[in-house]
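*Asks:* Quick one, fold the following:
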Amino acid sequence: MVTVRSIIAVAVYFDWPLFQLDVDNAFLHGTISEDVYMKLPPGYYSKNETKVCKLVKSLYGLKQAPRKWNERLTTVLLDLGFVQSKCDHSLFIYLKDGITVYLLVYVDDIVVTGNSVDKISEVKHILNETFKIKDLGVLKYFLGIEVLYDKNAICLSQRKYCLELLSEFGYLGCKPINTPIEQSYLVSSKLDKDQKLLTNISGFQKLIGKLIYLSLTRPDISYTVQFLSQFMHKPNEVHLQMAFRLLRYLKQSPGKGLSFKKSDNLNLLGYADSDWGKCLSTRKSVTGFCIFLGNCLVSWKSKKQGTVSRSSAEAEYRAMCAATCELIWLRNLLFELNVKCNLPMFLNCDSQAAISIAANPVFHERTKHFELDLHFLREKVANGVISTVKVDSESQLADFFTKGLGIAQHEEFCKKLLLVDLFKPNE
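*Replies:* Numbering: from 1, shown residues only. Sure, this is the predicted structure:
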């Protein structure tokens with residue numbers, strides 16, 4: 001989804017049209033190489049039998065079918081002059097004589113955009129002759145995500161998916177609430193009083209799995225979903241009540257989605273934060289970061305750290321390293337898309353101690369236990385790739401992904417992240 005959001009942000013900036021194609025399933029599994037051979041199962045013939053079955057077409061259900069389909073499609077696109085991205089192998093880029101075309105593939109669904117409608121039509125024609133495709137026109141619905149157009153903006157929403165989720169669990173007529181989780185919520189106190197395990201674990205797992213997919217366009221529920229996903233195999237009734245509370249929050253605005261508005265720059269900007277010792281059972285901290293391309297949110301993460309941090313400064317430093325990795329990957333991806341980002345890329349953090357550790361190589365006493373791979377942040381700061389910026393805690397957008405917020409701050413951060421509900425008249 002990061003690539004989809006990045007391509008949409010670039011398309012909005014350059015006013016490029018977005019088109020969607022669908023490859024016929026019969027051809028998806030039927031126009032594979034004729035040089036593929038399938039060995040018969042053991043015991044079907046005697047050990048001395050040397051005959052094999054020649055596979056003219058790829059059979060549906062074989063493990064090799066998706067790989068062979070991808071190889072076939074990749075070969076055709078490379079022959080057309082496309083170059084496969086090294087940052088994301090599902091992305092193909094055509095850059096020649098001032099013509100730019102981006103093609104994004106997910107199995108048999110394809111999104112195409114570029115600055116030349118004639119070249120896009122040519123690519124469609126060749127793909128249709130090779131695979132028999134369905135031209136679905138302007139991009140409107142992709143992988144369960146609705147693409148809405150509003151003046152100079154594009155919004156990604158999963159309203160239909162969200163309403164089906166609420167209906168499935170009987171929360172379509174529930175009373176909505178304003179936040180996905182209580183502010184500074186700690187579940188340990190309630191678990192001490194009620195340690196009753198859920199009997200229907202599969203139902204809880206199904207709900208969390210659907211919420212994980214919904215978080216692709218709803219960063220406002222990312223922290224709550226990552227917290228609940230830690231208890232997939234041994235949930236308590238308290239965890240189920242938290243998941244139901246999240247459904248009540250979704251009922252407030254099921255059509256809310258991520259908006260991409262045209263701006264005057266395509267530079268990368270990051271926010272990184274952590275919540276030290278958040279998990280009371282393991283004492284591990286939570287990493288949260290969000291990355292903006294211009295004014296558009298293109299990447300975010302809320303995740304529990306893998307090791308225990310001895311101080312809040314160490315936890316913040318680890319969060320900054322995670323955000324730096326994402327910034328560098330996005331810059332490399334944009335470089336392949338022929339989009340130049342100015343250096344340094346600014347990374348906002350509200351911990352002065354973590355910023356000092358990143359900038360001062362002599363600051364050894366507090367960092368002698370750090371893993372070697374964490375020190376790459378110092379190298380990027382020294383080389384001018386990353387510039388750390390001290391930001392006030394009230395303006396730290398990454399707090400959105402590390403803890404529960406109050407109603408006023410939650411709604412303010414939703415606006416800053418360009419989360420809108422185009423289905424509501426007042427928005």
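*Asks:* So for stretch 213-229, first residue to last residue, what's the gap.
*Replies:* Start-to-end span of stretch 213-229 (CA to CA, to the nearest Å) is 12 Å.
*Asks:* what do you get for stretch 147-163?
*Replies:* For stretch 147-163, the first and last residues are 16 Å from each other (CA to CA).
*Asks:* Over it, what's the mean pLDDT, rounded is fine.
*Replies:* Averaged across stretch 147-163, pLDDT comes to 92.
*Asks:* all strands for the stretch 201-350 of the chain, in order.
*Replies:* 257-261, 268-275, 286-293, 296-304, 345-349 (DSSP state E, counting those that start in this stretch).
*Asks:* Low-confidence ranges, the stretch 1-150 of the chain, go.
*Replies:* Judged by pLDDT under 70, the stretch 1-150 of the chain has its weakly predicted residues at 25-64.
*Asks:* show me where it has helices.
*Replies:* 2-14, 25-28, 64-79, 117-131 (DSSP state H, counting those that start in this stretch).
*Asks:* wait, which of those is closest to Lys151?
*Replies:* helix 2-14 (11.0 Å; CB to CB). (Each C-beta comes from the backbone N, C-alpha and C, glycine too.)
*Asks:* Dump the closest one to PDB, restricted to CA.
*Replies:* Extracted in PDB, the C-alpha atoms of helix 2-14 (Å, rounded to 0.1, in the frame of the first residue of the first chain):
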ATOM      1  CA  VAL A   2       2.900   2.400   0.500                       C
ATOM      2  CA  THR A   3       3.600   2.200  -3.300                       C
ATOM      3  CA  VAL A   4      -0.100   2.800  -4.100                       C
ATOM      4  CA  ARG A   5      -0.200   5.900  -1.800                       C
ATOM      5  CA  SER A   6       3.100   7.200  -3.200                       C
ATOM      6  CA  ILE A   7       1.900   6.800  -6.800                       C
ATOM      7  CA  ILE A   8      -1.400   8.500  -6.100                       C
ATOM      8  CA  ALA A   9       0.400  11.300  -4.300                       C
ATOM      9  CA  VAL A  10       2.700  11.800  -7.400                       C
ATOM     10  CA  ALA A  11      -0.300  11.500  -9.800                       C
ATOM     11  CA  VAL A  12      -2.200  14.200  -7.900                       C
ATOM     12  CA  TYR A  13       0.900  16.500  -7.900                       C
ATOM     13  CA  PHE A  14       1.300  16.200 -11.700                       C
END
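*Asks:* buried sites along that helix?
*Replies:* 2-13 (16 or more other CB atoms under 10 Å).
*Asks:* Output these in CSV; the columns should cover distance to Ile355.
*Replies:* Listed next are the buried residues of helix 2-14 as CSV, based on distance: CB to CB, whole Å:
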residue, distance to Ile355
Val2, 26
Thr3, 30
Val4, 32
Arg5, 28
Ser6, 27
Ile7, 33
Ile8, 32
Ala9, 28
Val10, 31
Ala11, 35
Val12, 33
Tyr13, 30
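*Asks:* deepest of the helices of the stretch 1-150 of the chain, which one?
*Replies:* Counting by mean count of other CB atoms under 10 Å, helix 2-14 has the highest mean neighbour count of the helices of the stretch 1-150 of the chain, with a mean of 21.
*Asks:* Mind giving me the packing neighbours of that helix?
*Replies:* Here helix 2-14 touches strand 99-106, strand 109-114, strand 153-157, strand 257-261, strand 286-293, strand 296-304, helix 312-336, going by 3 or more CB pairs under 8 Å, 6 or more residues apart in numbering; DSSP states H and E.
*Asks:* that older thread, mind checking which of the helices of the stretch 1-150 of the chain is nearest Lys261?
*Replies:* It is, among the helices of the stretch 1-150 of the chain and with distance given as CB to CB, helix 2-14, at 7.0 Å.
*Asks:* how much does the closest one deviate in direction from strand 257-261?
*Replies:* Relative orientation of helix 2-14 versus strand 257-261 (axes from the mean of the first three to the mean of the last three CA atoms, to 10 degrees): 40 degrees.
*Asks:* Quick check: which ranges of the stretch 151-300 of the chain have low pLDDT?
*Replies:* For the stretch 151-300 of the chain (pLDDT under 70), the answer is 185-195.
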